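Q: Provided below for reference: sequence and predicted model.
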Amino acid sequence: MPTLSGLLILGFGGHARAVADVALASGIKQLRFIDSNARPNETFGEFAVLRKWDEDLPEGWAVMPASGDGLSRQAQYEWAKGRGWPLATLISPTATIGVGAKVGHGTFVAHHAHVGPIASVGIGCIVNTGAIVEHECVVDDFTHVSIKAAVAGRTCIGRFCFIGAGATVIDGIKICDDVTLGAGACAHRDLETPGVYVGVPAKKTIGKIKK
């Protein structure tokens, strides 16, 4: 995708601000945020944070779903898609994308992240700051690989997963949909049941980890 003239960012939480930071570093000059909880006259630097958007999308702009939660990000993605608006694929200029790798629409690849050769990252995903998705991996839609997480080669991760900060997934592992792998955990075997896994090696636990 050529450099955009503007980006409409859906949300104004911490992840949306990280999106804005990468967008500006990528040479995008104009930003607007939409967040129903925005305060009156709220801004991010010089850029407005609006409660709603009733206008057409300006020419040369695209939309970025920017919730940190996968289900909310899917809803944002579908909202933009339903209006026929283009979804951005936002990749930091300090990230590296390997030969033959594919990164889907509405996906964010943050500063110093790496997507290895022939890897595939789906739509609406997050590969966060310093994260590694190595060669021939498949990361399905609306999954979040958090900061400094390392996903080794030939791994397959399902939809709506969350790989926590500093977590490790060893080579060739398969992770089903709706799995949370806690911060610092290590998945050394296939995770075949949705749920929350913590520890080294990772074991299923009861409850939820805040994403």
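A: That came through, no problem. Remember, it's a predicted structure, so these values are computed and weren't measured experimentally. Numbers count the residues shown, from 1 in each chain.
Q: surely Thr3 meets Leu24?
A: No - between Thr3 and Leu24 there is no contact under CB atoms under 8 Å: 11.8 Å. Glycine gets a C-beta too; all of them are placed from N, C-alpha and C.
Q: so for those two, which residue has more residues nearby?
A: Neighbour comparison, Thr3 and Leu24: the larger count goes to Leu24, with 15 against 9 (by other CB atoms under 10 Å).
Q: what bridges to Val109?
A: Taking DSSP bridges as the rule, Val109 bridges to Ile91, Val127.
Q: and it, how far from Leu90?
A: 7 Å (CB to CB, to the nearest Å).
Q: comparing these two, which residue is more hemmed in?
A: Val109 (28 against 25).
Q: distance of the more buried one from Gly82?
A: Distance from Val109 to Gly82, by CB to CB: 25 Å.
Q: what's the answer for Thr193, then?
A: From Thr193 to Gly82 the distance is 33 Å (CB to CB).
Q: give me the low-pLDDT residue ranges for this protein?
A: Low-confidence segments of the chain (pLDDT under 70): 1-2, 206-211.
Q: hey, where'd the helices end up in it?
A: Under the criterion DSSP state H, helices of the chain are mapped to 14-25, 70-82.
Q: buried ones in the longest one?
A: Using 16 or more other CB atoms under 10 Å as the test for burial, helix 70-82 gives Gly70, Ser72, Arg73, Gln74, Gln76, Tyr77, Ala80, Lys81.
Q: shouldn't Met64 be in contact with Leu4?
A: No - applying CB under 8 Å, one finds Met64 not in contact with Leu4, separated by 9.7 Å.
Q: overlap of the contact sets of these two?
A: Counting by CB atoms under 8 Å, 6 or more residues apart in numbering, the contacts common to Met64 and Leu4 are Ala88.
Q: more neighbours: the two, which one.
A: Met64 (31 against 20).
Q: ok, the residue most central in space within the chain - contacts?
A: When CA atoms, centre = their mean is applied to the chain, the residue found nearest the centroid is Ile126 (1.5 Å). Going by CB under 8 Å, 6+ apart, Ile126 touches His15, Gly68, Arg73, Thr107, Phe108, Ala110, Thr143, His144, Val145, Ser146.
Q: going by neighbour count, which of those residues comes out on top?
A: Ranked by neighbours (other CB under 10 Å), the contacts of Ile126 are led by Val145, which has 31 neighbours.
Q: I figured that residue hits Gly164, correct?
A: No - taking contacts as CB under 8 Å, Val145 lies outside contact range of Gly164: 9.3 Å.
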